[in-house]
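**Student:** Quick one: sequence plus predicted model below, questions after.
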Amino acid sequence: MTGQRLTPARLGPSDVLRTGAAGLRTRPARVVLSALGIAIGIATMIAVLGISSSSREQLLRQLDRLGTNLLTVAPGQTMFGEQAKLPVEALGMVRRIGPVRTASATGTVGTTIRRTDRIPKAVTGGIAVQAATADLLTTLEGRVVTGAWLNAATETRPAVVLGAKAAQRLGITRTGVQVWMGERWFTVVGVLGAMPLAPEIERSALVGFPAAEKYLGFDGHPTTIYERSAEESVEAVRAVLPRTVNPENPEEVTVSRPSDALAARAAAASAFTNLLLGLGAVALLVGGVGVANTMVISVLERRKEIGLRRSLGATRGQVRLQFLAESLLLSALGGVAGAVLGGLATAGYALSRGWPPVVPPWAFAGAVGATLVIGTLAGLYPAMRAARLSPTVALATT
Amino acid sequence: MSVPQPEQPRVVELREVTKVYGAGVRALRGVDLLVERGELVAIAGPSGSGKSTLLHLIGTLDRPTTGTVRIAGHDVAGLSDRELSALRARHLGFVFQQFHLAPGASALDNVADGLLYTGTPLRARRERAAAALERVGLGHRLGHRPSQLSGGEQQRVAVARAVAGDPPLLLADEPTGNLDSAAGAEVLNVLRDLYAAGTTIVVITHDPEIAEWCPRQVRVRDGRVVADAGAGAGRRPPGPNPKTASGPAAPPGFENVPGAETAGAAKGAPR
């Protein structure tokens, strides 16, 4: 045999990319429009994932800042299903537990707080009146926004400190205002800031224990004891708390850890996120159909180019590869634009809410993967059609 | 498999070739054609004579219904689509009536892309493209886009693309069909120079002037070869360039051709 074997030359990756890009370069408007569909889909998904993980990151950071060593003790129910009470001396007992650093208590007072005596009793605004020990603010690591916290003098006087939400509901922003509690006027001496670990305090009006007993008929039984201990002994303290608080009926005591609720909120990937993700997936699918459509039209329009390439020696496989590469480039373009848009949307939203902007890296990896899959699927059929085209049909002058 | 002949293979060898399309349209009814290395051959005939089918078969863009087609010694019937593609990439160059240039690419890139499927690296493709453009007298137009070139220049770019890889056979399908006579003359001059340098050229045309210009004419009518000077006759030098010799006032030539040529004239008309 003198004739050499005929084997078609292999196209290098850069040549495949060049031929794929050649078709896109000449039709920029169409490229932008069909990549836009993919971009919207990817951007939606990235933004949904980014915003939900930014919000989770915010919660976790908050948790870090607030600490997880706070326990609350509340009365449970008696064996007969009645509301139990904590003993009056419970707080003192808790303070005597070794690892406990600080403990304080609030007790519900059966009265209401109103701006004036003219407002009907029933209009409580959802604000609880509570007696509070002087070190409550220390235990909760809360802060005063206006005025001052109760001190040794004011806790015996008709003085009240409002939680953030209570103040807001009453429309009080400064101290010195008189409010109607029980059957007499109290003076607002302070307003507290937000308390993420004790939201019930935000909705409370707090008076000193002595004042509550003196003016409001408070019985002295605490209803919630707040306690902080060393982080490593939280579980040990938790185990002994019921017996310490109520040695006679430890089963009537409920102990909880407020940070658990926050952690649970952080862990819960909400159904809403999934719904929005589904929406993004639909947008992506529609984008993919758009790319497929563009590619089919492109193949129809470029029959002559395909014929020319076949006459220049392109194999069916090389024609197929060219159109697949074009489709992949098109959707990759959309994917990159979408990832950037989604990242920007996340950053914008998170910053406007004061959250740390976070997009999980796997979301970007998923976007790349989705883009490649969509590009391949969308390009497959048009590429097959292009490859099947007979070179003579493609070169027909009409 | 291809079975090349022991001596130097003929560039084109057609034996008793027929081609029947779909519902019994017999485009070729037994054609024998031999083209040897270094010939300049015109395949001439009115439209409908089967010369386009002949071009497709010689160009390995299509396969015969019966008969044997050998290109550069390779029997087309025994080759797969991949092998035919490789054959086209290495042994054939095409020039079309419509130039088929990529509008967005420079002349250099258009020509370089002609070598894309030969496995030549990009840098070498560009170098050979520049050399090919030099050969067709467009060395000063490398960076121009097709829209910035005249019709004649565009067709010369297409010729450069076809010959950049030095294929043993150049097939030109109505290469002047879309050009006025001055531009047609440019292209014919380029073909003459390539022929003088040793390239085998087959020109498919319905224009008798161009056919006369070629040293060997194969006349086709109704799917048969009706006149052929025989293999090897196409090695003589070509006649005077009909497009320049007939002077500027002369018509392109379509009008002198008898009746059957109306369709061909429409084909050559600008659109």
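**Tutor:** Received it, and whenever you're ready, just let me know what you need. Residues are numbered from 1 along each chain as shown, chains lettered A, B, ... in the order given.
**Student:** going forward, measure contacts and count neighbours with C-alpha atoms only.
**Tutor:** Will do.
**Student:** Buried residues, the lowest-mean-pLDDT helix or strand in chain A. List them.
**Tutor:** Taking mean pLDDT, DSSP states H and E as the measure, the helix or strand of chain A with the lowest value is helix A:258-267, at a mean of 74. Buried residues in helix A:258-267, defined by neighbour count with 16 or more other Cα atoms under 10 Å in any protein chain shown: A:258, A:259, A:262, A:263, A:266.
**Student:** Export those residues to CSV and append columns for distance to residue B:18.
**Tutor:** Formatted as CSV, the buried residues of helix A:258-267 follow (distance: Cα to Cα, whole Å):
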residue, distance to residue B:18
A:258, 91
A:259, 88
A:262, 84
A:263, 82
A:266, 78
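**Student:** Of the residues you listed, which is the nearest to chain B?
**Tutor:** Each of the buried residues of helix A:258-267 was scored against chain B by Cα to the nearest Cα, and residue A:266 proved nearest at 53.9 Å.
**Student:** From residue B:125, how far off is the residue in the stretch 101-250 of chain B positioned nearest to chain A?
**Tutor:** Closest to chain A within the stretch 101-250 of chain B is residue B:119: 4.7 Å, counting by Cα to the nearest Cα. Computed as Cα to Cα, to the nearest Å, the residue B:119 to residue B:125 distance reads 9 Å.
**Student:** who has more neighbours, the two?
**Tutor:** When neighbours are counted by other Cα atoms under 10 Å in any protein chain shown, residue B:119 and residue B:125 differ, and residue B:125 comes out ahead with 23 against 15.
**Student:** contacting residues around the more buried one?
**Tutor:** Residue B:125 is in contact with B:112, B:113, B:115, B:116, counting by Cα atoms under 8 Å, 6 or more residues apart in numbering or on different chains.
**Student:** hmm, 10 Å instead?
**Tutor:** By Cα atoms under 10 Å, 6 or more residues apart in numbering or on different chains, the contact list for residue B:125 reads B:108-109, B:111-116, B:118-119, B:131, B:164-165.
**Student:** For burial, what's the neighbour tally of residue A:121?
**Tutor:** 13.
**Student:** pretty sure residue B:86 is touching residue A:313, no?
**Tutor:** Yes. Under the criterion of Cα atoms under 10 Å, residue B:86 makes contact with residue A:313 at 5.7 Å.
**Student:** joint contacts of these two?
**Tutor:** Between them, residue B:86 and residue A:313 share these contacting residues under Cα under 10 Å, 6+ apart: A:8, A:9, B:92, B:117, B:118.
**Student:** Spell out the secondary structure type for the closest residue to residue B:187 other than its chain neighbours.
**Tutor:** Distances taken as Cα to Cα, 6 or more residues apart in numbering or on different chains put residue B:156 closest to residue B:187, at 6.1 Å, once the chain neighbours are dropped. Recorded secondary structure, residue B:156: helix (DSSP: H, G, I helix; E, B strand; the rest coil).
**Student:** Of the shared contacts of residue B:86 and residue A:313, which belong to strands?
**Tutor:** Within the shared contacts of residue B:86 and residue A:313, residues falling in strands by DSSP state E are residue B:92.
**Student:** which of the shared contacts of residue B:86 and residue A:313 tops the neighbour count?
**Tutor:** For the shared contacts of residue B:86 and residue A:313, the largest neighbour count, defined by other Cα under 10 Å, is 27 neighbours, found at residue B:92.
**Student:** From residue B:159, how far out is that residue?
**Tutor:** Counting by Cα to Cα, the gap from residue B:92 to residue B:159 is 12 Å.
**Student:** what residues are shared contacts of those two?
**Tutor:** The contact sets of residue B:92 and residue B:159 overlap at B:170, B:171 (Cα under 10 Å, 6+ apart).
**Student:** Report the residue ranges of every domain in chain A.
**Tutor:** A:13-63+A:268-395, A:70-267 (automatic domain parsing).
**Student:** Tell me which of those domains lies nearest to chain B.
**Tutor:** Across the domains of chain A, chain B has its closest neighbour in domain A:13-63+A:268-395 (4.0 Å, Cα to the nearest Cα).
**Student:** So for residue B:86 and residue A:313, which residue has more residues nearby?
**Tutor:** More crowded of residue B:86 and residue A:313, by other Cα under 10 Å: residue A:313, with 29 against 24.
**Student:** got a pLDDT number for that one?
**Tutor:** At residue A:313, the model reports a pLDDT of 92.
**Student:** Give me the spatial nearest neighbour of it, chain neighbours excluded.
**Tutor:** Using Cα to Cα, 6+ apart, the closest residue to residue A:313 is residue B:89 (4.0 Å).
**Student:** For the one you found, what is the enclosing helix or strand?
**Tutor:** Residue B:89 belongs to helix B:81-91 when assigned by DSSP states H and E.
**Student:** all helices for chain A, in order.
**Tutor:** With DSSP state H as the criterion, chain A has helices at A:13-25, A:28-66, A:90-95, A:136-140, A:164-170, A:199-202, A:209-216, A:234-245, A:258-267, A:271-301, A:303-312, A:316-353, A:361-388, A:391-395.
**Student:** what does the last one contact?
**Tutor:** Counting contacts by Cα under 10 Å, 6+ apart, the residues outside helix A:391-395 that touch it are A:300, A:302-311, A:316, A:386, B:52-53, B:55-57, B:59-62, B:96, B:98, B:100.
**Student:** State whether residue B:33 is indeed within a strand.
**Tutor:** Yes. When three-state DSSP is applied, residue B:33 is found to be in a strand.
**Student:** So it sits against residue B:12, correct?
**Tutor:** Yes. Between residue B:33 and residue B:12 there is a contact under Cα under 10 Å: 7.3 Å.
**Student:** For the stretch 151-271 of chain B, give me the ranges with low pLDDT.
**Tutor:** Residue ranges of the stretch 151-271 of chain B with pLDDT under 70: B:244-271.
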